[in-house]
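**Student:** From the sequence below, what's the structure:
(2 chains)
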Amino acid sequence: MTNHKQNTPFNMGRWVTWGLFALVLVLAPLVFTSGLGLTVLSQMGIAIIACLSYNMLLGQGGMLSFGHAVYSGLGAFLAIHALNAVSSGSLPIPVSAVPLVGGVAGMGFAALLGYVTTRKAGTTFAMITMGMGELVFAMSLMIPEFFGGEGGVSGNRVIGKAFMGITFGPPIQVYYLIAVYTFISVVLMFAFTRTPLGRMLNAVRDNPERVEFVGYNTQRIRYTAFIIAGFFAGISGGLGALNFEIVTAEVVHAARSGAYLLFTFLGGATFFFGPIIGAVLMVLAFVLFSEFTKAWLLYLGLIFLFMVMYAPGGFASLIMMNLRVAAFGKLRQLTGSYLALALTGLVALVGASAMVEMTYHLQLSSSEGPDIKFLWVTLNTTEMQSWLGAAAILAVGGGLFEVARRRFAREWEEIQAFIEKKLNPEEAQ
Amino acid sequence: MTAPESIALELKDLRKSFGKTEIIRGVNLAVRHGERVAVIGPNGAGKSTLFNLISGRFGASSGDVLLNGTSIMGKKPFEINRMGLSRSFQITNIFPKLSVFENLRCSVLWSLGYKYTFFKFLANLDDANARANELLKMVNLEKKHDVLAVNLTYAEQRALEIGITIGGGANVILLDEPTAGMSKSETTRFIALIKQVTEGKTLLTVEHDMGVVFGLADKIAVVVYGEVIAFDTPDAVRANSRVQEAYLGSAVADAQAEGH
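**Tutor:** Take a look at the predicted model:
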């Protein structure tokens, strides 16, 4: 009954998890066979590496960086230049190694710029990273020789002789290259969390002062972790360069850094796998959702807002909390509440989004006439009726949602109390 | 020039000013190896400041601190820690979102030479895991192995704090009010624990409970207004008229006033 528990890094459950992950990477393009499907999958792989590398800073090290795109972006630029050098024959490396050039570049710039940023923690760190991001973006406009000006730098990945039929011409071949890089990067970044440096990075996040009094230099810990995160960010940038065959200045822009932050947080910074969820959502939002509605950024902002307020652990923590409830056999009890929440939430959402879409239509495209198609109905944005109808649906849905939410909150509290009691029987009064 | 072999920690005319106010006004102290010293004094006397100066949390204005004969003035806390001095804090200072075991393992990694390595798995570091488990036993938290430190009771957190402090195997230990906020019975148990885990080490501790002080300490240093006015055995300090006048008398009066 002693607690001499050794969690070896590769036990059975973990083999299964990694096996499934590899299987998903291999089989995904067989399920989503369309051109769009493959584009989305490739971008997801790239985003997964980027968000996980960002979470090394945010979730594991407590470093709120506003400039992570600097390292993925500069990695992308170096990679596209390397690709062009391979094309011209001046760089004798295979195309499949080009992302590594991005990685080394990301690492190098992280070592250079991170030396300044990681001297400080907390708000100061956040501010300096933001400044670095602005600095690099400003430079991208000033040095067109390297950054390619407004048109960016383009390249061609189909070069040299085909090796075993692999030319990287067809997108499917690029996808599998990305998948291999993604798998290895995820494994390595997970392994990092199990090393002395990885653990001390958590300690620095929790309590930097105490770390200094157990013999560690907190700056050195942050700096080393920052360089490693820069390496993986650069890999992701390099894969992006290969995938798109063009790199423009927007890859180092603050908006990109902001997206890493936002989606890593949405996915869940407190769990290792959270940013993977975030990365998948990021690509879905940018590629698919943005086609669906012009107001997508507004919706995204609202989702982010609600997540920060009600579930600061992101989707990963929502999943883990429900798994815990399920482990104690209480999930079924919540089914009714979840159903009620979903239905009422959906009604409220329909009302709210009808109004949002009508507003966007009036502001942006009223010249196309007053009518918009929303779901299955046509709404006339100039008629009071449409607005009153949408408002009524929102009010009814919102009101019922609040009722359902209160009921859910009560049940949730009860279940949590039940679990606590089971876990600590001697401490319960 | 060098201090005698038997002196573990020596303070020489140590001074610290915050603005124009001098908080530590020329402290001289020489603690021998293996000695247990209780630092006592009224609130605001500068006991915690003294600990902060010794451990490198603050820089001193002037004077010198020698650890095993080597000056540690101006060194960073982590450098001082590596030289064999470790401290605890008056306000619990642990890693709240790590498990109890991880807290203790973090405290032993440097001393076992793992530094900033990311080419080894923690789970395979047999010596670090054994040492962390040993610490877990020493501070009686075996049952809390996987509990997050933030979820421990206050007394358990104080015990964990001691565990982290001794984890690196430092020979000079500073404990800043280790029993602050504990009940009488908890304090008694806790002092026994401290005695046990600091066996053979040099110990300096700030303590308010006089019963505890006289039971625990080989020597007592009395700090009043930033000066050490007495440094002697408990009996001698008790008999010291200057101490009685400056501190013990008022402490007794305070205790009576508070109804202890």
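**Student:** Pull the number of nearby residues for residue 12.
**Tutor:** Let's take chain A. 8 (other C-beta atoms under 10 Å in any protein chain shown). For the C-beta atoms, the positions are set from N, CA and C on the backbone; glycine is no exception.
**Student:** I was after chain B.
**Tutor:** 17.
**Student:** cool, A:Asn322 as well?
**Tutor:** 14.
**Student:** distance of A:Ala121 from chain B?
**Tutor:** To chain B, A:Ala121 is 15 Å away according to C-beta to the nearest C-beta, to the nearest Å.
**Student:** and that residue, what does it touch?
**Tutor:** A:Gly62, A:Met63, A:Val204, A:Pro208, A:Thr218, A:Arg222 (C-beta atoms under 8 Å, 6 or more residues apart in numbering or on different chains).
**Student:** tell me the phi and psi of it?
**Tutor:** Backbone geometry at A:Ala121, expressed as degrees, to the nearest 10, gives phi -120, psi -180.
**Student:** can you check B:Thr202 too?
**Tutor:** phi -80, psi 130.
**Student:** For it, give the beta-bridge partners.
**Tutor:** Per DSSP bridges, the residues bridged to B:Thr202 are B:Val172.
**Student:** The strand or helix carrying A:Tyr360 - contacts with which helices or strands?
**Tutor:** Under the criterion of DSSP states H and E, A:Tyr360 resides in helix A:331-364. Using 3 or more C-beta pairs under 8 Å, 6 or more residues apart in numbering or on different chains; DSSP states H and E as the contact test, the elements touching helix A:331-364 are helix A:296-310, helix A:314-327, strand A:371-374, strand A:377-380, helix A:384-423.
**Student:** how about that helix: buried residues?
**Tutor:** For helix A:331-364, the neighbour count (16 or more other C-beta atoms under 10 Å in any protein chain shown) marks A:334, A:337, A:340-341, A:344-345, A:347-358, A:360-361 as buried.
**Student:** and the angle for that helix with helix A:384-423?
**Tutor:** 150 degrees (axes from the mean of the first three to the mean of the last three C-alpha atoms, to 10 degrees).
**Student:** Report the inter-axis angle for helix A:331-364 versus helix A:296-310.
**Tutor:** Going by the same axes, to 10 degrees, helix A:331-364 makes 140 degrees with helix A:296-310.
**Student:** For helix A:331-364, the averaged confidence score.
**Tutor:** Here helix A:331-364 scores 93 as its mean pLDDT.
**Student:** got the angle for it vs helix A:314-327?
**Tutor:** Going by the same axes, to 10 degrees, helix A:331-364 makes 160 degrees with helix A:314-327.
**Student:** from the middle of its chain, how far away would helix A:331-364 be?
**Tutor:** 24 Å (C-alpha atoms, centre = their mean, to the nearest Å).
**Student:** now do stretch A:124-138
**Tutor:** 20 Å.
**Student:** One more: stretch A:132-148?
**Tutor:** 25 Å.
**Student:** ok, residues contacting that stretch?
**Tutor:** For stretch A:132-148, using C-beta under 8 Å, 6+ apart, the contacting residues are A:66-67, A:69-70, A:73-74, A:77, A:81, A:113, A:116-117, A:149, A:153-154, A:247-249, A:252-254, A:257.
**Student:** From the residues you listed, which land in helices?
**Tutor:** Among the contacts of stretch A:132-148, DSSP state H puts A:Ala69, A:Val70, A:Gly73, A:Leu74, A:Phe77, A:His81, A:Leu113, A:Val116, A:Thr117, A:Ala254, A:Ser257 in helices.
**Student:** Now a ChimeraX select for only the buried ones of these.
**Tutor:** Per 16+ other C-beta under 10 Å, the buried members of the ones in helices among the contacts of stretch A:132-148 correspond to this ChimeraX selection:
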select /A:69,70,73,74,77,81,113,117,254,257
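**Student:** Mind putting the ones in helices among the contacts of stretch A:132-148 into CSV with distance to chain B?
**Tutor:** What follows is those, written out as CSV (distance: C-beta to the nearest C-beta, whole Å):
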residue, distance to chain B
A:Ala69, 24
A:Val70, 22
A:Gly73, 25
A:Leu74, 23
A:Phe77, 27
A:His81, 29
A:Leu113, 20
A:Val116, 19
A:Thr117, 18
A:Ala254, 29
A:Ser257, 25
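**Student:** Output the ones in helices among the contacts of stretch A:132-148 as JSON lines; include the columns pLDDT.
**Tutor:** Shown next, in JSON lines, are the ones in helices among the contacts of stretch A:132-148 (pLDDT from 0 to 100):
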{"residue": "A:Ala69", "pLDDT": "98"}
{"residue": "A:Val70", "pLDDT": "98"}
{"residue": "A:Gly73", "pLDDT": "98"}
{"residue": "A:Leu74", "pLDDT": "98"}
{"residue": "A:Phe77", "pLDDT": "98"}
{"residue": "A:His81", "pLDDT": "97"}
{"residue": "A:Leu113", "pLDDT": "96"}
{"residue": "A:Val116", "pLDDT": "93"}
{"residue": "A:Thr117", "pLDDT": "94"}
{"residue": "A:Ala254", "pLDDT": "96"}
{"residue": "A:Ser257", "pLDDT": "97"}
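**Student:** Please enumerate the strands of chain B.
**Tutor:** B:7-18, B:21-32, B:36-40, B:62-67, B:70-71, B:85-87, B:172-176, B:202-206, B:219-224, B:227-232 (DSSP state E).
**Student:** Which single one of the contacts of A:Ala121 is nearest to chain B?
**Tutor:** Nearest to chain B out of these is A:Thr218 (C-beta to the nearest C-beta; 8.0 Å).
**Student:** per-residue confidence at that closest one?
**Tutor:** Looking at A:Thr218, the pLDDT reads 97.
**Student:** where does the chain have low pLDDT?
**Tutor:** Chain wasn't specified; assuming chain A. A:1-10, A:426-429 (pLDDT under 70).
**Student:** could you do chain B instead?
**Tutor:** Applying pLDDT under 70 to chain B flags the ranges B:1-5, B:247-260.
**Student:** Report the outermost residue of it with respect to its centre.
**Tutor:** In chain B, the residue that sits farthest from the middle, by C-alpha atoms, centre = their mean, is B:Phe119; the gap is 33.8 Å.
**Student:** Quick check: phi and psi on it?
**Tutor:** The phi/psi pair for B:Phe119 (degrees, to the nearest 10) is phi -110, psi 10.
**Student:** Contacts only, for it.
**Tutor:** Neighbours of B:Phe119 in contact, by C-beta under 8 Å, 6+ apart: A:Thr195.
**Student:** ok, the residue of the stretch 151-260 of chain B found nearest chain A to B:Arg82 distance?
**Tutor:** Nearest to chain A, among the residues of the stretch 151-260 of chain B, is B:Gly168, at 5.8 Å (C-beta to the nearest C-beta). For B:Gly168, the distance to B:Arg82 equals 8 Å [C-beta to C-beta, to the nearest Å].
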